[in-house]
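**Student:** sequence and predicted structure, then a few things I'm wondering about:
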Amino acid sequence: MTYIVTDACVRCKYMDCVEVCPVDCFYEGENFLVIHPDECIDCGVCEPECPVEAIKPDTEDDADGKWLEINSKYSKIWPNITQIGERPADADEMAKETGKFEKYFSEKPGKGD
């Protein structure tokens, strides 16, 4: 099992999860974070840190494994992040919106550390 980041993170990117990760397995996109599934040690300390509940065990993924695939793909090409960085200005407003991946997701990398 591994943990994955899901739709709720898009344009929120609070990053509280990043600071508690003991193995630094988070990677940063322009408006989304992902977890590298091969680096995650399944400790679960990141899950309760996410105020929008975007982090889930992969056992709660969509039936087609969509979020595991997204986390795998982008963790290989985005920069690693180990500290809380700048989050989107409208993060609090976006926290309650659903279906954000299809509407707002950006493939562009973030700044990383």
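**Tutor:** Right, received. Where do you want to start? Predicted model only: the values in this text are computed from it and were never measured.

**Student:** mind listing the strands for the protein?
**Tutor:** Counting by DSSP state E, the chain has strands at residues 3-5, 26-28, 33-35, 55-57.

**Student:** ok, the residue nearest to R11 when sequence neighbours are not counted to D113 distance?
**Tutor:** Once flanking residues are discounted, R11 sits nearest to M94: 4.2 Å by CB to CB, 6 or more residues apart in numbering. C-betas here are computed from N, CA, C, even on glycine. Taken as CB to CB, to the nearest Å, the spacing of M94 relative to D113 amounts to 24 Å.

**Student:** thinking again about what came up before, reformat the strands of the chain as TSV; add distance to K73 and mean neighbour count.
**Tutor:** TSV is the format used below for the strands of the chain (distance: least, CB to CB, whole Å; neighbours: other CB atoms under 10 Å):
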stretch	distance to K73	mean neighbour count
strand 3-5	12	25
strand 26-28	10	25
strand 33-35	8	26
strand 55-57	17	17
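
**Student:** the ones you listed into JSON lines, with extra columns for distance to C12 and mean pLDDT?
**Tutor:** Putting the strands of the chain into JSON lines (distance: least, CB to CB, whole Å; pLDDT from 0 to 100) gives the following:
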{"stretch": "strand 3-5", "distance to C12": "10", "mean pLDDT": "97"}
{"stretch": "strand 26-28", "distance to C12": "13", "mean pLDDT": "98"}
{"stretch": "strand 33-35", "distance to C12": "9", "mean pLDDT": "98"}
{"stretch": "strand 55-57", "distance to C12": "12", "mean pLDDT": "97"}
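
**Student:** I70 contacts I35, correct?
**Tutor:** No. Using CB atoms under 8 Å, I70 is not in contact with I35, being 10.3 Å away.

**Student:** buried sites along stretch 96-109?
**Tutor:** For stretch 96-109, a neighbour-count test (16 or more other CB atoms under 10 Å) marks 97, 100-101, 104-105 as buried.

**Student:** taking the residues you listed one by one, which sit in helices?
**Tutor:** 100-101, 104 (DSSP state H).

**Student:** ok, now which ones touch the residue lying farthest from the centre of the chain?
**Tutor:** The centre of the chain is farthest from one residue, A63, which by CA atoms, centre = their mean lies 18.9 Å away. Taking CB atoms under 8 Å, 6 or more residues apart in numbering as the definition of contact, A63 has no neighbours.
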